[in-house]
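Asks: what's the 3D shape of this:
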Amino acid sequence: MVVEYPDIDGSNSTQKETLPASQDTISKSNSGCVASTMGDPCISCTTFNILAPIYKRLDKENQSIRESDFRAFWQSRNQKILDWLLYKRSSIICLQEFWVGNEELVHMYRERLGDAGYDTFKLARTNNRGDGLLTAIHKDYLRVLNYSELLFNDYGDRVAQLLHVQSVLPFPQGGKEEIKQEILIVNTHLLFPHDSSLSVVRLHQVYKILQYLEIYQRENKLGHVPVILCGDWNGSKRGHVYKFLRSQGFVSSYDVAHQYTDSDADAHKWVSHRNHRGNICGVDFIWLHNPNKSRKSLKTSWTAAVFGIIKYQLQKALLAENDAFAFLKADNHDDFITYSAFCEALRQVNLTGLSYGLSFQQTKDLWTQADIDGNGVLDYDEFKSIWNSKWSEQTEENVDLGDSKESIEEETVGFAVKNATIFPREAEKGMWPENYSLSDHAAVTVVFTSMKIHCSQPLQ
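Replies: The predicted model follows:
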């Protein structure tokens, strides 16, 4: 089937989207809920960095000229963005670089999305940066149980939104009574890596999100709840943030839908952003964590991630393993690394000593993890454990039951990735169309279908 929608790419050509017509295809109703012809309930989610007018440059020769100075320009572009969003009518819409500082634009989005059946939630970045986040939930299909705001209060003034929602329509749960599925949704926009030393800041922003999720789930006594993380992560599949989330059991929904792996060969199969330097890369993700995927200790994943950054910084300085060990030893003639030398090395590679670097306690924790035998120094074997630290991905079989040796298996509802697309479609092939002008980002949309999963619950 071919459906046509308004001219929304900024060009004069008519855009078309072809939907598959096989037996078990996704059939999209005129709503935010998508239903499979096989009968399984589905939800759809779109993440889109819509490029705030205060950041959109209009003149390459004069970078100070921004779209925000021309009402007709930003109004027309954002009306086209809304046209597209309302055409897609996803159950969940997560927008970044939303111009919260302009009341007219805010009203435009709230009015049009509200008339279409959405509840909207906006959050400004701290220190009056001008832009922020907007999350819209289609109230005919999801009910918002709670809304929380997470202010990082760090370099870059980044923020995140957490929405605890429940399906309006019941989801089947095996032979049991049908349930209204609860879901945790996060919308965020991480710091842009202007410098590799900012990797720690970006990693810490993700750490705060996951830590807040753990606390929220514990305080609200939430059991088996799927988690969806949406946003502009400002980093590719080869970056530290991607690997950190993978080590925590999250999967990139778009990559799952297209059977792409974490290998270098699949790292650039798709793109979602052309940055101000003209480079194209995939940075916008919709992450899924099902409740049957275990999460190893957040602190353990954090430590491994920071060690990965340390190794990257040393390799960037063209230091091989032996050279890196010598660098960390500094002037020590013995065959080990002291704590003071370790701290000095981190300062030299810009991971400490800056307002946004590792804190004293974080550095101390890293040292404690590295000093395996606790003798106060790192020998070469302990150094190798840092250098060769591997990211571990969680699997359904790798379920951590804590200290309990016995458990019971429970059946619950999770999500499978049914379909995923990127607009404009050229981005799915790793290309960026010159006539696309909605934003400097592409929109990623994922359709999730419910599925029965088994979770191990420790006996009390």
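Asks: can you pull the contacts of Arg143?
Replies: For Arg143, the contact set (Cβ atoms under 8 Å, 6 or more residues apart in numbering) comprises Val165, Gln166, Ser167, Val168. Using the backbone N, CA and C atoms, a C-beta is placed for each residue, glycine as well.
Asks: What backbone torsions are found at the closest residue in space to Ile372 that isn't next to it in sequence?
Replies: In this structure, Ile372 finds its nearest non-sequential neighbour in Glu382, 5.3 Å apart by Cβ to Cβ, 6 or more residues apart in numbering. Phi and psi for Glu382, reported as degrees, to the nearest 10, are phi -70, psi -40.
Asks: quick one: contacts for Glu382?
Replies: Glu382 neighbours (Cβ under 8 Å, 6+ apart): Ala370, Asp371, Ile372, Asp373.
Asks: returning to that earlier point: which of the contacts of Arg143 count as buried?
Replies: Val165, Ser167 (16 or more other Cβ atoms under 10 Å).
Asks: between the contacts of Arg143, which is nearest Gly132?
Replies: Val165 (20.1 Å; Cβ to Cβ).
Asks: Was I right to think that closest one contacts Ile183?
Replies: Yes. Val165 is within contact range of Ile183, at 5.3 Å (criterion: Cβ atoms under 8 Å).
Asks: intersection of neighbour lists for those two?
Replies: What both Val165 and Ile183 touch, as defined by Cβ under 8 Å, 6+ apart, is the set Leu142.
Asks: could you give the mean pLDDT of stretch 236-255?
Replies: For stretch 236-255, the mean per-residue pLDDT is 94.
Asks: rewinding a little: would you turn the contacts of Glu382 into a markdown table with secondary structure and distance to Leu105?
Replies: Putting the contacts of Glu382 into a markdown table (DSSP: H, G, I helix; E, B strand; the rest coil; distance: Cβ to Cβ, whole Å) gives the following:
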| residue | secondary structure | distance to Leu105 |
| --- | --- | --- |
| Ala370 | helix | 49 |
| Asp371 | coil | 53 |
| Ile372 | coil | 55 |
| Asp373 | coil | 59 |
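Asks: Show me just the buried residues among those residues.
Replies: Ala370, Asp371.
Asks: what about the longest helix in this protein?
Replies: helix 199-219 (DSSP state H).
Asks: got the contact list for the nearest residue to Ala116 once chain neighbours are set aside?
Replies: Nearest non-adjacent residue to Ala116, counting by Cβ to Cβ, 6+ apart: Leu86, 5.4 Å away. Applying Cβ under 8 Å, 6+ apart to Leu86 gives the contacts Arg112, Leu113, Ala116.
Asks: In helices, which of these fall?
Replies: Arg112, Leu113.
Asks: out of the contacts of Leu86, which is most surrounded?
Replies: Counting neighbours by other Cβ atoms under 10 Å, Leu113 comes out on top of the contacts of Leu86 with 21 neighbours.
Asks: quick one: that one and His138, what's the gap?
Replies: 9 Å (Cβ to Cβ, to the nearest Å).
Asks: what does His333 give?
Replies: 67 Å.
Asks: Of the two, which one has the most company?
Replies: Taking other Cβ under 10 Å, His333 and His138 do not tie; His138 has more neighbours (22 against 5).
Asks: Strand partners (parallel or antiparallel) of the host helix or strand of Asn419?
Replies: In this assignment (DSSP states H and E), Asn419 forms part of strand 407-423. Applying DSSP bridges, strand 407-423 is found paired with strand 443-458 (antiparallel).
Asks: So which bits of the strand it pairs with are buried?
Replies: Neighbour-count burial for strand 443-458 [16+ other Cβ under 10 Å]: Ala443, Val444, Thr445, Val446, Val447, Phe448, Thr449, Ser450, Ile453, Cys455.
Asks: quick one: average confidence on it?
Replies: pLDDT averaged over strand 443-458 gives 82.
Asks: got the CA coordinates for it in PDB?
Replies: Provided in PDB are the C-alpha atoms of strand 443-458 (Å, rounded to 0.1, in the frame of the first residue of the first chain):
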ATOM      1  CA  ALA A 443      13.400  10.900  13.100                       C
ATOM      2  CA  VAL A 444      13.600   7.400  14.300                       C
ATOM      3  CA  THR A 445      10.300   5.500  14.800                       C
ATOM      4  CA  VAL A 446      10.000   2.000  16.300                       C
ATOM      5  CA  VAL A 447       6.900  -0.200  16.700                       C
ATOM      6  CA  PHE A 448       7.000  -2.600  19.700                       C
ATOM      7  CA  THR A 449       4.700  -5.600  19.900                       C
ATOM      8  CA  SER A 450       3.900  -7.300  23.200                       C
ATOM      9  CA  MET A 451       5.300 -10.700  24.000                       C
ATOM     10  CA  LYS A 452       5.200 -13.100  26.900                       C
ATOM     11  CA  ILE A 453       8.500 -13.500  28.600                       C
ATOM     12  CA  HIS A 454       9.700 -15.500  31.600                       C
ATOM     13  CA  CYS A 455      11.500 -13.800  34.500                       C
ATOM     14  CA  SER A 456      13.200 -15.400  37.500                       C
ATOM     15  CA  GLN A 457      12.100 -14.000  40.800                       C
ATOM     16  CA  PRO A 458      14.300 -14.700  43.900                       C
END
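Asks: Off-centre distance for it?
Replies: 17 Å (Cα atoms, centre = their mean, to the nearest Å).
Asks: swap in stretch 74-83?
Replies: Its chain's C-alpha centre and that of stretch 74-83 lie 25 Å apart, by Cα atoms, centre = their mean.
Asks: what mean pLDDT would you report for that stretch?
Replies: 98.
Asks: hang on, the earlier thing: tell me the spacing between the residue nearest to Ile372 and Asp264.
Replies: In this view, Glu382 and Asp264 are 29 Å apart by Cβ to Cβ.
Asks: Now distance to Leu318 too, for the buried residues of strand 443-458, in CSV please.
Replies: Shown next, in CSV, are the buried residues of strand 443-458 (distance: Cβ to Cβ, whole Å):
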residue, distance to Leu318
Ala443, 40
Val444, 36
Thr445, 42
Val446, 40
Val447, 45
Phe448, 44
Thr449, 48
Ser450, 50
Ile453, 46
Cys455, 47
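Asks: check which helix or strand covers Ala72.
Replies: Assigned by DSSP H and E, Ala72 falls in helix 71-88.
Asks: next helix or strand past that helix?
Replies: For helix 71-88, the following helix or strand on the C-terminal side (DSSP H and E) is strand 92-98.
Asks: Okay, now the sheet partners of that next one, with direction.
Replies: Counting by DSSP bridges, strand 92-98 is paired with strand 42-49 (parallel), strand 132-138 (antiparallel).
Asks: For the stretch 351-460 of the chain, give me the ranges with low pLDDT.
Replies: Scanning the stretch 351-460 of the chain for pLDDT under 70 picks out 389-409, 455-460.
Asks: One more pass at 50, please.
Replies: 391-405, 458-460 (pLDDT under 50).
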